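**Q** A predicted structure for the sequence below; I have some questions about it.
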Amino acid sequence: MADFVHLHLHTEYSLLDGACKVDDLVEHCVKNNIKACAITDHGNMYATLYFAELCKKNKIQASNGSELIKTQAMRVKDGSGDFEHLILLAKNKTGYKNLVKLDSAAFVDGFYYKPRIDYKLLREHSEGLVCLSACLAGRIPKLLLRGDYEGAKKTALELKEIFGEDFYIEIQDHGLEEQRRILPLLLQLAKELNIQPVATNDVHYINKEDWEMQDVLMCIQMKKTIDDPKRMKFETHEFYMKSADEMAELFSYVPEAISNTLVIAEKCAEEPCFDLKDNGD
């Protein structure tokens, strides 16, 4: 069996978007002998402590993170809506504290429709964090889709300067045309700038057949009905917690993107984010 760790996953606390209940997620890991997993909820860390406690009880390595929204200037409220996603994972207590500070500031100082951070704040609180370039909503993929390779390169270099070897180019493939269009460019960027690639599946539900449940959540969020042809919806049913073998097959042409998930998981295991007591169970 191939080795792979999920590093981009949304629990029920990615409100009205993620459909992975924390209890079900850990139970799934136990049943499938999954020894490590990360959670990266949208703009919050509500699930982190409970997830860490459950994982410790079941001898699973928990990596805590968040998919934060980044903007050019978090205090500017001009209605531009130029939001960019970024995945951050805590390596240790310092990283966890920095993630908490970023998340808190996003709500207190940067909230405008959604909690936001900017590059200035990111630089101030980058220690102890691993950074992934995120999904199609990340700045680098957005620029590549616009045909701005040099702009994407500039952003990648800036993030590499901030995070060093803890910055990774994230690649995904859910069967979306846009993803497959920029995948070669992401890998070209990684090779050109000597940045390691990492494969993720943007997990929003645990099992493939759960897509319909998540679809209903999206309808509630958007105040739309299931039969509304104009509503926002996921174009494929591939946003589930794929097995290690499925991920290895999907990215067989870039095996280092799979093995790098283990590298990152090991980084996130260097020091526990919480001082959890062993309850003896």
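**A** Ah, there it is.

**Q** in the stretch 1-150 of the chain, which spans are helices?
**A** 22-31, 48-57, 93-108, 119-124, 139-145, 149-163 (DSSP state H, counting those that start in this stretch).

**Q** export those helices to JSON lines and tack on distance to residue 204?
**A** (Glycine included, C-beta is placed from N, CA and C.) As requested, the helices of the stretch 1-150 of the chain are exported to JSON lines (distance: least, CB to CB, whole Å):
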{"stretch": "helix 22-31", "distance to residue 204": "12"}
{"stretch": "helix 48-57", "distance to residue 204": "16"}
{"stretch": "helix 93-108", "distance to residue 204": "20"}
{"stretch": "helix 119-124", "distance to residue 204": "25"}
{"stretch": "helix 139-145", "distance to residue 204": "18"}
{"stretch": "helix 149-163", "distance to residue 204": "25"}
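
**Q** most tightly surrounded among those helices?
**A** Sort the helices of the stretch 1-150 of the chain by mean neighbour count, taking mean count of other CB atoms under 10 Å, and helix 139-145 sits at the top with a mean of 22.

**Q** list the contacts for residue 197?
**A** Applying CB atoms under 8 Å, 6 or more residues apart in numbering to residue 197 gives the contacts 168, 169, 170, 171, 186, 187, 190, 254, 256, 257, 260.

**Q** can you rerun that using 10 Å?
**A** Counting by CB atoms under 10 Å, 6 or more residues apart in numbering, residue 197 makes contact with 132-133, 168-171, 183, 186-187, 189-191, 251, 254, 256-258, 260.

**Q** which ones among those residues lie within strands?
**A** Using DSSP state E, the members of the contacts of residue 197 that fall in strands are 132, 168, 169, 170, 171.

**Q** show me the contacts for the third one.
**A** For residue 169, the contacting residues are 132-133, 138, 140-141, 152, 156, 159-160, 186-191, 193, 195-198, 257, 260, taking CB under 10 Å, 6+ apart as the criterion.

**Q** mind running it again at 6 Å?
**A** 133, 186, 190, 195, 197 (CB atoms under 6 Å, 6 or more residues apart in numbering).

**Q** contact partners for the third one?
**A** The one in question is residue 190. 169, 197.

**Q** over to the fourth one?
**A** Residues counted as contacts of residue 195 (CB under 6 Å, 6+ apart) are 160, 169.

**Q** okay, now the unreliable bits of the protein?
**A** 1-2, 78-81, 277-281 (pLDDT under 70).

**Q** got the angle for the top strand by length along it vs helix 22-31?
**A** The longest strand of the chain (DSSP E) is strand 61-70. Interaxial angle of strand 61-70 relative to helix 22-31 (axes from the mean of the first three to the mean of the last three CA atoms, to 10 degrees): 130 degrees.

**Q** with just CA atoms, put strand 61-70 into PDB.
**A** Extracted as PDB, the C-alpha positions of strand 61-70 are listed here (Å, rounded to 0.1, in the frame of the first residue of the first chain):
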ATOM      1  CA  GLN A  61      -1.000  11.900  14.500                       C
ATOM      2  CA  ALA A  62      -3.000  15.100  14.200                       C
ATOM      3  CA  SER A  63      -1.800  18.000  12.200                       C
ATOM      4  CA  ASN A  64      -3.600  21.300  12.800                       C
ATOM      5  CA  GLY A  65      -4.000  24.000  10.300                       C
ATOM      6  CA  SER A  66      -6.300  26.300   8.500                       C
ATOM      7  CA  GLU A  67      -7.100  27.500   5.000                       C
ATOM      8  CA  LEU A  68      -6.900  31.300   5.500                       C
ATOM      9  CA  ILE A  69      -8.000  34.000   3.200                       C
ATOM     10  CA  LYS A  70      -5.300  36.400   2.200                       C
END
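
**Q** who's in contact with it?
**A** 36, 38, 40-43, 45, 48, 51-52, 55, 83-90, 114, 116-117, 268-269, 273.

**Q** please apply the same query to stretch 113-122.
**A** Applying CB under 6 Å, 6+ apart, the set of residues contacting stretch 113-122 is 43, 68, 69, 70, 71, 73, 74, 102, 105, 106, 107, 110.

**Q** now do the buried residues in stretch 14-24.
**A** 14, 15, 17, 18, 19, 20, 21, 22, 24 (16 or more other CB atoms under 10 Å).
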